[in-house]
Structures are given as C-alpha cells and as structure tokens.
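[1] sequence first, predicted coordinates after that:
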Amino acid sequence: MAREDKPLRLRTVDDETVEAVPVVRLENRETEARERDARPVRLGAAEADLEAPSRRLDLPSREEIELRTHQPGIELLIEPEIANQDLLEENWGEATVRRNPIPWGWFALIGLTITGAVIWSLTRVEEADEQLNQIREATQSVLVDEEKEEMEATQLVDRIDRQLRAYFSAKSVEALTGMVRHRERVAPLIKEYYADKPVFSAKLRSVKVMQPLTLDNRGNFWMASVILENGMTRNMIIEIDEDGQPLMDWETLVCQQPMAWDEFVTRRPTGTSLDFRVYVERDSFYSHEFADSDLWTSFRLTALDSEETLFGYAHAGSEEAKAIEQLISQNPVGRATLILRLSIPEGLASRRGAVIEKLVNTRWLYVEPPDTGS
C-alpha cells in the first residue's frame, strides 16, 4: 500500500557570512596585458545573488515517503521514434526490388560456357589418353620390331662369319660351288679356273669389316673385308638369298676374265668378242685406224693386278660412248669399273687398239644373271 503524500514546502535558510577566499591569479597571454592592480574576476554567483537569501527544496526523507510507485526501466528511458502511419507500407519490398534487375541470362550463358568447356576438356583428355595408348602401343611395337631386327641381324652376322670361314677353308671345287651365287652359271667357270691350281692356300684369320650394301635398290647384299693367314686382304661381296643363306660372289673375288688380260693384250686374238672386267678412263690417244676423233671416242683400259694397257674405241656419239662417259663423270676419281665386250678386227694396224662393241655391265658384279644370248 502506498504511503500518504505529504505536501512539499520551501523554507528560508540564513547563510552564514563567509570570509573572502584569497585569489590566485592565473597568468596567460591575455592576463599579462592587463594591469596588476585591476580588480580580479571571481567565478561564481553574482553579488546580488550572494546578498539574497538562498532557498532550497525541502523533500521528505526516503524512509518517510516513496517518490515513485514504479521505477522506469531502460526501455522507457530510450525515446521511441515517432512513426508516420501513412509511410509504414510505402517502402515495403524495397530491399527486393532494384532499378537494375539481375541479368539471369548472362549467368545461364556463363554456366553453359563453363559446362561446355568442362565437357570439351574431358573429351580432349579422353582423346589424349587414347592417343597416348596408341603411341605407347606403337612404341612397344617398334621396340619389339627393333629388338627382333637386331636379333636377326646378329644371327645373320654370325652366319656370314661362319660361311666366310667355311669358304676359305674349302679344299675342293665341289665345296666352293655349294657356297657361291649364280651356281649353275658359275660352277663351270670355277672348274676351269682351278683346273691347274689348288683351290685356296690360306685360311681366314679375321674379319676386318662387315657392312650391308645396297645394289640397284636391293638391300640383300653385304660387303666383307677379311685378312687371311698369309697376310693378304680380300674383299668379298655376299648376297643373302631368300632362305637367309649367305652366298659368295666368286667372280668379283677372283676378278674372273674369259682369258688372262696380259695374254689378251700380247696375243691380240682376232675374230672373237670377249667380256672383260676393266678399269675405264677417258683418254685422247688416237692412232692408225682410230686417228679420227670425230669418228671415235678414246678410252684407256686396264685390269686388276696387271700393268698392261689397251685403248678401247667406241663410235663417237654412240649409246656405248655416251653411257661410258657418263659413268666416268659420276666417279670422283675419274675412273669406272665396267664389263666391256672387246674385239680386235682382222688386220688391225694399231698395236694397242681394240674396239668396244658393248657396255655389258655397269659394275664388275652381276646383280642379276647376264643374258648369255646377247
């Protein structure tokens, strides 16, 4: 229950006389300019107020009366904002409505672009993986093929080495004919060649060089340089047949001739045409029946292991003369190794002259068997 309210009243209070308080002057830039004896300025109530009696509000004590029945909370001390009822709904939805709406189409386009890029990247990755697998398979295949070829080459070299040793160890014509090229054509030549001498007098000591050789776009030839026990060096041309068997070219090894070159030069047999393996060089020697250079083209002819020389003459402007000159020009040393068909006419006055009837072969080796009918 609330206490009874008591009326408030004022009462007069007589103030006692207060002695004057000593003044302490505070100096600054403004007070320095004033006179020292000037009257000080007192801070406080005006003099009129000091002379008038003071009055004070006399309140009953807290024990006697309660000033308020309810003390205000913090929510009442904060002044609420005055709201305008007319504007309450004016700004509804303002946060969700913009002057420039969000371009959702651009977001869709960007999303489609990113999706397409991801799909394209995945496709490229799959293609790259497929290509990588193809490359890996191709590489493995190549490595397998190379390994196989290397193994086959090693085995071939071993077979060639064994065949060379067997060839130079042969003691009979029959043993030789079983290891040579163009066996049917060459076998009679071998028998004639070794009719008055032994087959071989020295065995193979070592193989100095062995390398593949391409002749007329055929890659089944090899060249080997060997050293015999007597110290001689011999060069061999070897053909690998369809069965992988090495076959020796006997004709180039012995430089087979229809007759000895020295004998042909000195005897000068007439009425016959013979095919000789000779070195051919361009020359300017013209004499006797071959004195006219407008009718004849001169060539210098020599043979292996011989110092005898002949001068072969082909008709100027003929196919033989043009072909021989071209073959000589293609050789850096100015000399060609050819098989020429030579003849010495009856009653020929030139002691060193012979007629070149035909260019039989462009090298000493027959890649294919020669046509014996031509």
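    Ah, there it is. Numbering: from 1, shown residues only.
[2] who touches the nearest residue to S172 once chain neighbours are set aside in this structure?
    In space, and not counting its chain neighbours, S172 is closest to V199: 6.4 Å by C-beta to C-beta, 6 or more residues apart in numbering. Backbone N, C-alpha and C define where each C-beta goes, glycine included. Applying C-beta atoms under 8 Å, 6 or more residues apart in numbering, we find V199 in contact with 170-173, 175-176.
[3] can I have the buried ones of the residues you listed as a ChimeraX selection?
    Buried members of the contacts of V199, defined by 16 or more other C-beta atoms under 10 Å, are picked up in ChimeraX with:
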select :170,173,176
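[4] show me the shaky parts of this structure.
    Along the chain, the model assigns pLDDT under 70 to residues 1-104, 106-107, 122, 126, 128, 139-145, 372-374.
[5] could you pull out the strands for it?
    9-13, 54-58, 204-215, 218-228, 233-240, 246-248, 273-282, 296-302, 310-315, 336-343, 353-361 (DSSP state E).
[6] by contact count, what packs against the fourth one?
    With contacts defined as 3 or more C-beta pairs under 8 Å, 6 or more residues apart in numbering; DSSP states H and E, the secondary structure elements packing on strand 218-228 are helix 104-168, strand 204-215, strand 233-240.
[7] which parts of it are buried?
    For strand 218-228, by 16+ other C-beta under 10 Å, it's 221-222, 224, 226, 228.
[8] what pairs with it, parallel or antiparallel?
    Strand 218-228 has its sheet partners listed here by DSSP bridges as strand 204-215 (antiparallel), strand 233-240 (antiparallel).
[9] turn the ones you listed into TSV, columns for mean neighbour count and distance to E192.
    Listed next are the strands paired with strand 218-228 as TSV, based on neighbours: other C-beta atoms under 10 Å; distance: least, C-beta to C-beta, whole Å:
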stretch	mean neighbour count	distance to E192
strand 204-215	13	25
strand 233-240	18	21
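[10] compare those strands and give me the one nearest T123.
    Between T123 and the strands paired with strand 218-228, the shortest gap by C-beta to C-beta is with strand 204-215, which sits at 46.9 Å.
[11] separation between A321 and S287?
    Going from A321 to S287 by C-beta to C-beta, to the nearest Å gives 18 Å.
[12] settle it for me: which of these two has more neighbours?
    A321 (19 against 13; other C-beta atoms under 10 Å).
[13] domain parsing for the protein?
    Taking automatic domain parsing as the domain assignment, the ranges for the chain are 166-254, 261-361.
[14] with distance to D158 added, can I get these in CSV?
    Formatted as CSV, the domains of the chain follow (distance: least, C-beta to C-beta, whole Å):
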stretch, distance to D158
domain 166-254, 10
domain 261-361, 31
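[15] quick revisit: distance to V207 for the buried residues of strand 218-228 - can I get that in TSV?
    Shown next, in TSV, are those (distance: C-beta to C-beta, whole Å):
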residue	distance to V207
F221	16
W222	11
A224	6
V226	5
L228	11
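[16] of these, which is the nearest to N361?
    For the buried residues of strand 218-228, the nearest to N361 is F221 (15.3 Å; C-beta to C-beta).
[17] show the contacting residues for the closest one.
    F221 neighbours (C-beta under 8 Å, 6+ apart): 212-215, 237-240.
[18] give me phi/psi at K197?
    phi -150, psi 160 (degrees, to the nearest 10).
[19] which of the contacts of F221 lies closest to L156?
    Nearest to L156 among the contacts of F221, counting by C-beta to C-beta, is I240 at 6.9 Å.
[20] the closest one and L156 touch, don't they?
    Yes: taking contacts as C-beta atoms under 8 Å, I240 lies within contact range of L156: 6.9 Å.
[21] spell out which residues are contacts of both of those two.
    P246.
[22] what is the neighbour count of the closest residue to T266 other than its chain neighbours?
    Nearest residue to T266, sequence neighbours excluded (C-beta to C-beta, 6+ apart): E308, at 7.5 Å. Burial of E308 is recorded as 15 neighbouring residues (other C-beta under 10 Å).
[23] list the contacts of E308.
    E308 makes contact with 261-262, 265-266, 302, according to C-beta under 8 Å, 6+ apart.
[24] may I ask which of the residues you listed has the most neighbours?
    Going by other C-beta under 10 Å, W261 tops the contacts of E308 with 23 neighbours.
[25] that one and K197: what is the separation?
    Using C-beta to C-beta, one obtains 17 Å as the distance from W261 to K197.
[26] equivalent analysis for D249, please.
    Relative to K197, and taking C-beta to C-beta, D249 is found at 20 Å.
[27] go on, A291?
    42 Å.
[28] same question, D241
    Distance from D241 to K197, by C-beta to C-beta: 29 Å.
[29] now swap in I114 and tell me
    Applying C-beta to C-beta to I114 and K197 gives a distance of 92 Å.
[30] and T297, by the same measure?
    For T297, the distance to K197 - C-beta to C-beta - is 38 Å.
[31] ok, these two, which is more surrounded?
    T297 (23 against 8).
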